[in-house]
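Peer 1: Need a 3D model of the sequence below.
(one chain, ligands or ions: 2)
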Amino acid sequence: MGASNLSFDQVLVEMLEMGFEYSSIVEGIKTVGLSIPNVVEHILTAGSASTTTMQPSKFRAPHGKALKRKALSSTSQVRQSSILDHFHSNEMVNEHDKPISKMPDDVTVMPGQIVTGPMENLVVMSDWETRVGGLLQKHFGILCLKSFQKEALNAWAAHKDCLVLAATGSGKSLCFQVPALLTGKVVVVISPLISLMHDQCLKLARHGVSACFLGSGQPDNTVEKKAMRGMYSIIYVCPETVLRLIQPLQKLAESHGIALFAIDEVHCVSKWGHDFRPDYSRLSVLRENFSTSKLKFLEFDIPLMALTATATHRVQEDILKSLRMSKETIVVLTSFFRSNLRFMVKHSGTSQAFYEKDFHELIKVYGSKLNSNKNKKSSISKDSDDVSSSSGAGRISNNDDVSPYDVDDNHDDYGGRYVNVMRSGNTDNLVKGKELSVEFLENDNDDCQSVDDWDVTCGEFCAQSPPKDWELSEIDDPPKEPEGSLKVLKGPLEQGPAIIYVPTRKETLKIAKYLCKFGVKAAAYNAALPKSHLRRVHKEFHENTIEVVVATIAFGMGIDKPNVRRIIHYGWPQSLEAYYQEAGRAGRDGKLADCILFANLARVPSLLPSRRSEYQTKQAYIMLSDCFRYGMNTSCCRAKTLVEYFGEEFSHRKCLLCDVCVDGPPQRQNMKDEACILLQTIAASHACSYSMDVAYDDDIHFEYGYGRHGERLCLKNIVGKIREQSQKFLNTDILLWRGLSRILEAKGYIREGDDKTHVQIKFPEPTKLGLEFIRSMSEEAFYVYPEADMLLAAKTHKPYSSFSEWGKGWADPEIRRQRLERMQVNKKPETLRSPRKHQKRKANKMKHDMRTSRGRLEAKLTKYK
Ligand SMILES: Nc1ncnc2c1ncn2[C@@H]1O[C@H](COP(=O)(O)OP(=O)(O)OP(=O)(O)O)[C@@H](O)[C@H]1O
Ligand SMILES: [Mg+2]
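Peer 2: Residues are numbered from 1 along each chain as shown. Ligands and ions are numbered 1, 2, ... in the order given. Prediction:
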């Protein structure tokens with residue numbers, strides 16, 4: 001990708017996949033020619049007055065060659081960082097295989113110690129705690145270990161496997177870095193992304209620890225060979241590569257000694273987790289190949305240490321099983337609670353029409369410097385069309401985007417474009433007839449990341465001498481893990497960058513472009529953008545040149561930048577695991593940070609398209625539905641909901657920071673009449689109406705749960721019946737009933753009657769408890785906290801009657817014919833349509849066709865030449 005001899009069509013195809021708009025691409029090609037990096041550069045920097053130019057000049061391609069790229073403009077002469085820059089800045093390892101790692105000065109050999117491996121790698125296990133203090137201060141400027149870190153290291157020192165479950169930003173990395181310092185042996189860390197490995201190696205080198213990373217692309221034999229000869233204290237490696245390197249690693253264990261295998265972000269092992277990587281599930285080879293039964297020179301199995309911040313009980317069990325960790329594995333579990341994160345949920349249509357309203361604050365914070373600058377005026381006016389078209393709620397009706405209040409029954413939060421994709425069993429056996437649209441749709445979201453997220457396959461980092469006198473303030477001690485009373489942090493937020501997470505690639509570009517117009521130093525990040533661009537965004541984000549990164553999930557795991565002050569999710573995340581993982585990028589310095597979820601609370605979110613087995617689809621629905629319930633909740637502390645999701649008992653009643661804690665829950669309402677009529681109608685909708693005289697087993701499913709016409713009644717139909725029956729509820733909104741049905745479901749009065757899992761209960765059926773509730777209806781009130789959609793229904797009262805009138809009559813053939821005729825008449829002729837929209841539709845169609853058949857692509861594209 002990106003070679004200068006690409007054709008117009010090829011550039012177009014690649015860039016449509018990245019999420020760029022057709023018109024921008026064509027304009028870019030006209031201006032800078034047929035070079036993808038240049039066109040990307042052109043589009044990303046057009047209209048932005050920020051200094052965040054993406055100017056690739058030299059990078060190491062996956063095949064290891066350095067490619068020269070044509071400079072674009074005279075204004076952007078800054079040479080792009082390449083992996084080589086880091087080598088130079090870190091005193092490049094020389095070619096003569098001079099060992100970098102040596103026995104740390106601090107290691108002394110005591111009589112009676114446990115000794116493993118060759119003599120030069122003597123290990124003192126018994127006194128590690130006394131020696132670690134000096135090492136921590138020398139290398140990291142850290143005063144002491146946290147208690148969970150000590151527990152993990154104790155497990156390692158006792159040669160035990162260990163599963164570390166600790167909050168994001170709590171310092172899990174230190175648990176596997178310290179053994180290398182203590183022993184002088186090598187630590188092998190399995191990590192899911194190049195970007196993550198790179199960041200950690202760079203940090204280690206600055207802290208005086210030599211490290212390298214090996215990705216999955218074409219191996220660079222030099223680094224790999226050096227690594228297998230024990231030249232680096234810590235080897236970061238992706239799961240694919242570790243599987244390939246079993247034999248060399250066995251030799252390394254014999255010659256130099258391997259202190260530990262650490263599996264970072266270990267939730268990737270589990271299919272029930274949010275970020276499953278098939279290669280992670282094959283890591284049981286580590287236990288099989290590095291045990292005393294296999295390697296006679298070992299005195300004990302090389303310990304495994306698995307670490308994550310986001311694993312439910314189920315995922316934890318799966319990890320232990322999949323990795324075949326020992327039966328004596330020590331599980332180190334600390335609180336997942338992050339007491340400095342301020343969680344909030346806000347209602348928004350999350351489309352272009354709402355940018356102005358939703359990003360107003362953000363622009364005030366990050367765009368302010370430029371707003372007072374002359375440049376701003378010109379950069380905004382240049383694209384004034386776009387800016388004015390993205391106005392607030394007042395313009396909703398003129399916009400293609402949905403109203404935040406639109407309620408549809410497709411349960412689709414993503415503009416009706418996505419379908420739920422299912423593969424049953426065999427992954428090649430895609431549900432017929434859906435393949436084409438699935439592939440098309442999949443291309444706009446980063447559902448599963450590849451380890452090779454950058455344009456480098458490996459890197460080596462030589463230890464620099466760590467600063468002599470660490471200013472201990474440089475690395476602040478994080479706030480103490482909460483014990484007893486909770487120290488509440490108060491706003492306003494300090495300065496620091498932000499990350500905006502969006503579901504689709506297109507949105508990364510749209511929002512970044514929008515923010516740039518207002519002088520915000522923003523950049524887009526999604527897996528389809530050129531890898532050199534992604535590396536550069538990382539670098540500039542860490543250097544504080546970029547203030548806002550607008551990203552898909554591709555910019556998530558492990559990012560350790562202390563001062564991130566805002567994490568914004570713009571659209572529903574797919575799971576609470578993913579949400580908490582991404583939110584965990586905020587406030588890693590222990591200071592107050594905001595985690596805001598903007599979501600359309602009037603819509604039920606749908607799964608982003610991805611290849612899933614039937615069972616995985618069900619799991620994915622459950623996870624999405626937990627996320628949906630988190631957003632709809634108005635009465636329970638958000639931090640409590642989140643940590644309890646991970647199976648932790650929340651030791652505080654409230655976090656005292658989140659919107660629910662600060663604003664308080666809404667007023668409770670007596671919904672007895674609503675609950676009764678809903679339950680009665682649900683019960684009555686089952687052909688065999690309930691009878692309390694009949695023994696009623698909660699496990700019985702209503703096989704007779706169908707309406708009069710043999711059709712199962714969905715919630716919408718049930719609400720229709722309520723409206724017909726009761727004048728009082730004639731004008732009630734479906735949102736009210738949706739919310740109430742979730743409340744009744746949570747109380748165990750109704751349950752989903754359909755086989756499929758739904759995010760929102762769809763085919764409700766009564767439970768025994770529900771039937772008892774109806775029977776025992778007394779004068780007693782039924783007070784509930786209205787959920788977010790119920791509040792929305794009350795606030796934006798939309799009379800139902802207009803819809804009901806429209807709905808009536810469709811069954812009558814004559815009325816139907818007349819209406820269809822009217823619709824035809826009202827339909828604008830093709831030529832009268834907006835040329836811009838027409839062009840957009842055409843481009844979308846073309847994009848679809850391109851996915852469906854590469855052959856047809858050529859034909860389509862010639863039209864644009
Ligand atoms: N004992 C300690 N005292 C003070 N700071 C620490 C300590 N241990 C680690 N840190 C700091 O905490 C920060 C976060 O560490 P790290 O990246 O290891 O977090 P993590 O638990 O792996 O988070 P994530 O789950 O998001 O990957 C680092 O910048 C590190 O310097
Ligand atoms: Mg980490």
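Peer 1: drop to CA atoms for contacts and neighbour counts, all remaining ones
Peer 2: Fine.
Peer 1: Identify the residues contacting the strand or helix carrying Glu644?
Peer 2: Secondary structure from DSSP states H and E places Glu644 in helix 638-645. Applying CA atoms under 8 Å, 6 or more residues apart in numbering, the set of residues contacting helix 638-645 from outside is 312, 335-338, 343-344, 576, 580, 630, 649-650, 653-655, 658-660.
Peer 1: Mind pulling up the pLDDT for the closest residue to ligand 1 within the stretch 751-865 of the chain?
Peer 2: Going by CA to the nearest ligand atom, ligand 1 is nearest to Val759 of the stretch 751-865 of the chain, at 27.8 Å. We have a pLDDT of 92 for Val759.
Peer 1: tell me which element the closest residue to it other than its chain neighbours is part of?
Peer 2: The spatially closest residue to Val759, leaving aside those adjacent along the chain, is Ser625, at 4.3 Å (CA to CA, 6 or more residues apart in numbering). Assigned by DSSP H and E, Ser625 belongs to helix 614-632.
Peer 1: Helix 638-645 and that helix, what's the angle between them?
Peer 2: 160 degrees (axes from the mean of the first three to the mean of the last three CA atoms, to 10 degrees).
Peer 1: what is the mean pLDDT for stretch 276-287?
Peer 2: Stretch 276-287 shows a mean pLDDT of 91.
Peer 1: buried set for that stretch?
Peer 2: Going by neighbour count (16 or more other CA atoms under 10 Å), the buried part of stretch 276-287 is 276-277, 279-281, 283-284, 286-287.
Peer 1: Start and end of that stretch, how far apart?
Peer 2: Length of stretch 276-287, first residue to last, CA to CA, to the nearest Å: 20 Å.
Peer 1: Does anything pack onto the helix or strand containing Glu41? Which helices or strands?
Peer 2: In the assignment (DSSP H and E), Glu41 maps to helix 36-45. Packed against helix 36-45 by the contact rule (3 or more CA pairs under 8 Å, 6 or more residues apart in numbering; DSSP states H and E) you find helix 8-18, helix 22-32.
Peer 1: between these, which one is nearest to ligand 1?
Peer 2: Ligand 1 lies closest, by CA to the nearest ligand atom, to one member of the helices and strands packed on helix 36-45: helix 8-18, at 27.0 Å.
Peer 1: Can I get the closest one as CSV, trimmed to CA atoms?
Peer 2: Provided in CSV are the C-alpha atoms of helix 8-18 (Å, rounded to 0.1, in the frame of the first residue of the first chain):
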residue,chain,number,x,y,z
PHE,A,8,-6.4,5.7,-9.3
ASP,A,9,-8.8,2.8,-8.6
GLN,A,10,-6.4,1.1,-6.1
VAL,A,11,-5.8,4.3,-4.2
LEU,A,12,-9.6,4.9,-4.2
VAL,A,13,-10.4,1.4,-2.9
GLU,A,14,-7.8,1.5,-0.2
MET,A,15,-8.8,4.8,1.1
LEU,A,16,-12.6,4.1,1.0
GLU,A,17,-11.7,1.2,3.3
MET,A,18,-9.9,3.5,5.6
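Peer 1: angle of that helix against helix 36-45?
Peer 2: Using the same axes, to 10 degrees: helix 8-18 against helix 36-45 is 50 degrees.
Peer 1: Give me the average confidence score over helix 8-18.
Peer 2: The model assigns helix 8-18 a mean pLDDT of 79.
Peer 1: repeat for stretch 679-687
Peer 2: pLDDT averaged over stretch 679-687 gives 83.
Peer 1: try stretch 528-539
Peer 2: Here the average pLDDT along stretch 528-539 is 89.
Peer 1: and if you look at stretch 795-808?
Peer 2: For stretch 795-808, the per-residue pLDDT averages 50.
Peer 1: any weak-confidence spans in the stretch 251-400 of the chain?
Peer 2: For the stretch 251-400 of the chain, residues meeting the criterion pLDDT under 70 lie at 368-400.
Peer 1: Please enumerate the helices of it.
Peer 2: For the stretch 251-400 of the chain, applying DSSP state H, counting those that start in this stretch gives helices covering 284-289, 313-322, 355-366, 368-371, 374-382, 384-389.
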